[in-house]
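[1] When you get a sec, could you give me coordinates for this:
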Amino acid sequence: MPSYAAFLGHQPRISVAELAATIGDFRLKRMLPNHICLFETERDLTQEDLNKWGGIYLVARQITEGSVTLDDIPKMLAAELTSVRGKVTFGFRAEGIARGKVRDLYRTCKDALKKQGRSSRYVGNERIPAAAALLRDTGMISGKHGAELVLLGKEGDEEEFLWIGKTVAAQDPNSYTKRDMEKPVRDTRAGLLPPKLAQMLLNFGVWVSGKDFGHRTSDKGNKKNPKSEVSSPKSFAVLDPFCGTGVIPMECILRGLPVIASDAAIKAVTGCEKNLEWLRKIYDIKKSEVPGAVSKHNALQPFSFSDLRDPILKTGPAMIVTESHLGPALSDRPNAKEAAKLRTENEALQIAFLKNVAATLPGVPVVVTWPVWYLKTGPLFLEKVWKALPDLGFNPMLPPHCDPEIPGHFSLLYRRPEQIVGREIVILKPRK
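    You can find the predicted model right below:
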């Protein structure tokens, strides 16, 4: 079975959960330092797969079997560059291997290629590997102009453990920056949901729903790429009832998923509409290809979609994926009394929302974020809503290979350093 290495984001537990949720035969083999995961799958993973993941920075596929040493690298690199015409570009991404040895490898490989009559240049160095954008721009991901080898070892003991692979996919940071920073409406006061986290939430929604949704195959926003295609839309939609300015709906449309977005605040609805209109224009995505609707609606009131024009949206959602209200924006850390009041208010909101979902959208799974307040005394979590879940008719779920971090909470924690309010990612499956 093919072996892969995934370079994970700054929330490695969530990244592993995302892999387990999106790869049916995912087999976790080993966790390495610096957030690197070794796993196996029969699937042939490509850039198209990574484009769907928010928590994976880079993926490499193992190119060796059996015992190998660093002395084998020049020959292995030459083999990976056989089909490249003209001057070749190569690089190394090494972890757990002495920098001096990596520096020597660059020189040794360049000399070995020269002896074969091949002109070459390398990118990156023993301290800093090539940036993802450079790998894409130089044709190293596609293999058209070169290759990057990933070398994973154990410092001072590479002979005992040495994993060698070839980079097959890397995130496009420019694409994330574009749809995060260049969209027309950004409401910093209400908090910003990162597009990568939105992708992860969406993947958990697909997993818990048991549906097989299509995805876009390339980025129309990049004029260098040929016109992309959208796989046939399914007869299901995603509902985001706390849509804000539309981060999750934007990711739905990029994925080729019909989406219903709503919010109780008209300002948010207007912002979401503007952002979706901008996204469709930039990426040339027509409503006939990927339907979508935005409206003003209180998520605590009964849901109804009969007045929507598109027949796919009329049928209602197959899943709910949303960033619920996390409370007011805080510039200072609240004290225990203030945080307790915020928790009480938020728990009432979450319970009322789930009651409404259970009553008006029976059988629809929910992926939602709940607030976590980080006080001087430690984190403060919602509690009453967890106790209410059985009566509300929901079971909390986690993908394979994921254990709860907090006793009694089947959830995943997302928090950037120094954030006062973090997120608890909760995946809820309705009871039959």
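
[2] tell me the domain ranges of the protein?
    3-171, 174-430 (automatic domain parsing).

[3] Dump these to JSON lines, plus mean neighbour count and mean pLDDT.
    The C-beta positions use only the backbone N, C-alpha and C, and glycine is treated the same way. Compiled in JSON lines, the domains of the chain are given as follows (neighbours: other Cβ atoms under 10 Å; pLDDT from 0 to 100):
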{"stretch": "domain 3-171", "mean neighbour count": "18", "mean pLDDT": "93"}
{"stretch": "domain 174-430", "mean neighbour count": "18", "mean pLDDT": "90"}
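
[4] who touches stretch 25-37?
    Residues outside stretch 25-37 that contact it (Cβ atoms under 8 Å, 6 or more residues apart in numbering): 1, 3, 5-10, 12, 15-16, 19-20, 38-43, 95-96, 152, 400-401.

[5] Mark which of these are part of helices, please.
    Filtering the contacts of stretch 25-37 for membership in helices, criterion DSSP state H, returns 12, 15-16, 19-20.

[6] what would those look like in a markdown table with distance to residue 64?
    Putting these into a markdown table (distance: Cβ to Cβ, whole Å) gives the following:
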| residue | distance to residue 64 |
| --- | --- |
| 12 | 25 |
| 15 | 25 |
| 16 | 24 |
| 19 | 22 |
| 20 | 25 |
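
[7] Which member of the residues you listed is positioned nearest residue 201?
    Checking the ones in helices among the contacts of stretch 25-37 against residue 201 with Cβ to Cβ, the nearest one is residue 15 at 13.2 Å.

[8] That closest one is in contact with residue 22, isn't it?
    No: counting by Cβ atoms under 8 Å, residue 15 sits too far from residue 22 to count as a contact (11.0 Å).

[9] what residues are shared contacts of these two?
    Residues touching both residue 15 and residue 22 (Cβ under 8 Å, 6+ apart): residue 53.

[10] Three-state assignment for the residue nearest to residue 236 when sequence neighbours are not counted, please.
    For residue 236, the nearest residue in space outside its immediate sequence neighbours is residue 318; the separation is 3.5 Å by Cβ to Cβ, 6 or more residues apart in numbering. Per DSSP: H, G, I helix; E, B strand; the rest coil, the secondary structure class of residue 318 is strand.

[11] Contacts only, for residue 318.
    209, 211, 234, 236-238, 364.

[12] Strands - which of those residues land there?
    Using DSSP state E, the members of those that fall within strands are 237-238.

[13] can I get the contacts of residue 318 in JSON lines with distance to residue 111?
    Shown next, in JSON lines, are the contacts of residue 318 (distance: Cβ to Cβ, whole Å):
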{"residue": "209", "distance to residue 111": "54"}
{"residue": "211", "distance to residue 111": "53"}
{"residue": "234", "distance to residue 111": "54"}
{"residue": "236", "distance to residue 111": "57"}
{"residue": "237", "distance to residue 111": "58"}
{"residue": "238", "distance to residue 111": "54"}
{"residue": "364", "distance to residue 111": "61"}
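
[14] quick one: which two of the contacts of residue 318 are the most distant?
    The distance between the two most remote of those (Cβ to Cβ) is 14.9 Å, for 234 and 364.

[15] For residue 281, give its distance to residue 275.
    As for residue 281, its distance to residue 275 is 11 Å (criterion: Cβ to Cβ, to the nearest Å).

[16] Can you show me the CA trace of stretch 257-270 as CSV?
    These are the backbone C-alpha positions of stretch 257-270, laid out as CSV (Å, rounded to 0.1, in the frame of the first residue of the first chain):
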residue,chain,number,x,y,z
LEU,A,257,-21.4,22.3,-3.6
PRO,A,258,-24.9,24.0,-3.7
VAL,A,259,-25.2,26.3,-0.7
ILE,A,260,-28.0,28.0,1.3
ALA,A,261,-26.7,30.9,3.4
SER,A,262,-28.6,32.9,5.9
ASP,A,263,-28.0,35.2,8.9
ALA,A,264,-30.1,37.2,11.3
ALA,A,265,-28.2,40.4,10.5
ILE,A,266,-29.0,42.2,7.3
LYS,A,267,-25.5,43.6,7.2
ALA,A,268,-24.0,40.1,7.2
VAL,A,269,-26.5,39.0,4.4
THR,A,270,-25.5,42.0,2.3
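
[17] how far out from the middle of the chain is that stretch?
    Shown here is stretch 257-270, whose average C-alpha point lies 22 Å from the average C-alpha point of the whole chain (Cα atoms, centre = their mean, to the nearest Å).

[18] So which residues of the stretch 301-432 of the chain form helices?
    Across the stretch 301-432 of the chain, reading from the start of the chain, the helices by DSSP state H, counting those that start in this stretch fall at 311-314, 336-360, 384-392.

[19] Can I get those helices in TSV including distance to residue 285?
    Compiled in TSV, those are given as follows (distance: least, Cβ to Cβ, whole Å):
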stretch	distance to residue 285
helix 311-314	15
helix 336-360	28
helix 384-392	36
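
[20] Out of these, the one nearest residue 162 is which?
    Nearest of the helices of the stretch 301-432 of the chain (Cβ to Cβ): helix 384-392, 45.0 Å.

[21] Doesn't residue 249 belong to a strand?
    No: counting by three-state DSSP, residue 249 is not found in a strand; it is helix.

[22] And residue 127, its phi and psi?
    Dihedral angles phi and psi of residue 127 (degrees, to the nearest 10) take the values phi -90, psi -40.

[23] Lovely, talk soon.
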